[in-house]
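A.B. asks: this is a predicted model, with the sequence first.
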Amino acid sequence: MKKITLFLGIALVSLFGVGVSHECFGGMVVEEVHKDQAGRASKILRYFSGNQFRTDDSETGLTVVIDFENDRMVMIDHRSKSFIETKFSQWEREVAERLKKESPAVQPKSRRIDVRKTGETTTLNGFQTEKIEIWADRELIEENWVTRDVEIKDIESVMGKVAQGFSKDFRLEMKEGREIYEKLKSYGFPILIKDCTLTHGLGGIDVLEVKKIEKKELKEDVFLPPIDYRKIIPTPPKK
């Protein structure tokens, strides 16, 4: 599930189309609730405008802002009132290198992805939804409740930008998530995603649920760290 939710989070950037004013930016706010295997819930807020987006995690007290156009990434720690700013391209290269070092022998396994309609429908958080199952080879890996109540015509162009923005190694990590997204988008936008790979035995279910999607004008400072926060300069790693 984490592969497709990362993809969908970035894809939301131009869901409704945006315009720019001198003081505010047209955009949108998405409110999500994530539940882990133990049932612990955390609230996630995502703010989107043009090529910028921001994610707030209530559980960790962390905010991440990414500006694709200016190759900028800001990580804000509200508990310590501090932030780190870096180039997004540099961050993704470092993550890809770390993944290689931590698991150099692990190679992504290619699986056949099938998207299947079930015919089940229900109303979730005011959205009319239909249940779609995601199968990898012969294993049920995701249950998606999707809606057509949300306009997603602009997503395809955004996904092209996202794919170009990631390095080769990072794209390999996201390959399966991208395939799921491409096959699922014709059915609608996911409002509820359940990770079925965690349900073996007595295990719980990892869940992402969209509670609300709201179009709103966003001020420029939404995508900037608070002015009274301390900027931390990271120490370069020793060679």
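C.D. replies: Done, it's in.

A.B. asks: make it CA atoms for all contacts and neighbour counts henceforth
C.D. replies: Fine.

A.B. asks: got the contact list for Thr147?
C.D. replies: 127-130, 187-191 (CA atoms under 8 Å, 6 or more residues apart in numbering).

A.B. asks: flag the least confident of those residues.
C.D. replies: Lowest pLDDT of the contacts of Thr147: Phe189, 84.

A.B. asks: that one against Asn144, yeah?
C.D. replies: No. Using CA atoms under 8 Å, Phe189 is not in contact with Asn144; the gap is 9.0 Å.

A.B. asks: compare those two (neighbour count), which wins?
C.D. replies: Neighbours per residue, other CA atoms under 10 Å: of Phe189 and Asn144, the larger number sits with Asn144, 25 against 22.

A.B. asks: doesn't Ser186 belong to a strand?
C.D. replies: No. Counting by DSSP: H, G, I helix; E, B strand; the rest coil, Ser186 is located in no strand; its state is helix.

A.B. asks: which residues of this structure fall in strands?
C.D. replies: Here the chain has its strands, by DSSP state E, at 24-35, 41-49, 52-57, 62-67, 72-77, 82-86, 113-124, 127-136, 139-147, 189-195, 206-219, 230-231.

A.B. asks: would you format those strands as TSV with distance to Ile180 included?
C.D. replies: TSV is the format used below for the strands of the chain (distance: least, CA to CA, whole Å):
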stretch	distance to Ile180
strand 24-35	20
strand 41-49	22
strand 52-57	22
strand 62-67	24
strand 72-77	27
strand 82-86	30
strand 113-124	7
strand 127-136	8
strand 139-147	10
strand 189-195	12
strand 206-219	16
strand 230-231	38
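
A.B. asks: which of the contacts of Thr147 sits closest to Val150?
C.D. replies: Nearest to Val150 among the contacts of Thr147, counting by CA to CA, is Phe189 at 6.8 Å.

A.B. asks: where does the protein dip in pLDDT?
C.D. replies: Scanning the chain for pLDDT under 70 picks out 1-26, 99, 102-108, 151-174, 198-205, 236-239.

A.B. asks: now, of the contacts of Thr147, which are buried?
C.D. replies: Buried members of the contacts of Thr147, counted by 16 or more other CA atoms under 10 Å: 127-130, 187-191.

A.B. asks: which of those residues sit farthest apart?
C.D. replies: Among the buried ones among the contacts of Thr147, Phe127 and Tyr187 lie farthest apart (CA to CA), at 14.0 Å.

A.B. asks: dump the residue contacts of the residue nearest to Glu59 when sequence neighbours are not counted.
C.D. replies: Leaving out its chain neighbours, the residue that sits closest to Glu59 by CA to CA, 6 or more residues apart in numbering is Ser42, at 5.4 Å. By CA under 8 Å, 6+ apart, the contact set of Ser42 is 33-35, 57-59.

A.B. asks: can you put these in JSON lines and add neighbour count and distance to Glu85?
C.D. replies: Listed next are these as JSON lines, based on neighbours: other CA atoms under 10 Å; distance: CA to CA, whole Å:
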{"residue": "Val33", "neighbour count": "17", "distance to Glu85": "27"}
{"residue": "His34", "neighbour count": "18", "distance to Glu85": "26"}
{"residue": "Lys35", "neighbour count": "17", "distance to Glu85": "29"}
{"residue": "Asp57", "neighbour count": "17", "distance to Glu85": "18"}
{"residue": "Ser58", "neighbour count": "14", "distance to Glu85": "21"}
{"residue": "Glu59", "neighbour count": "11", "distance to Glu85": "22"}
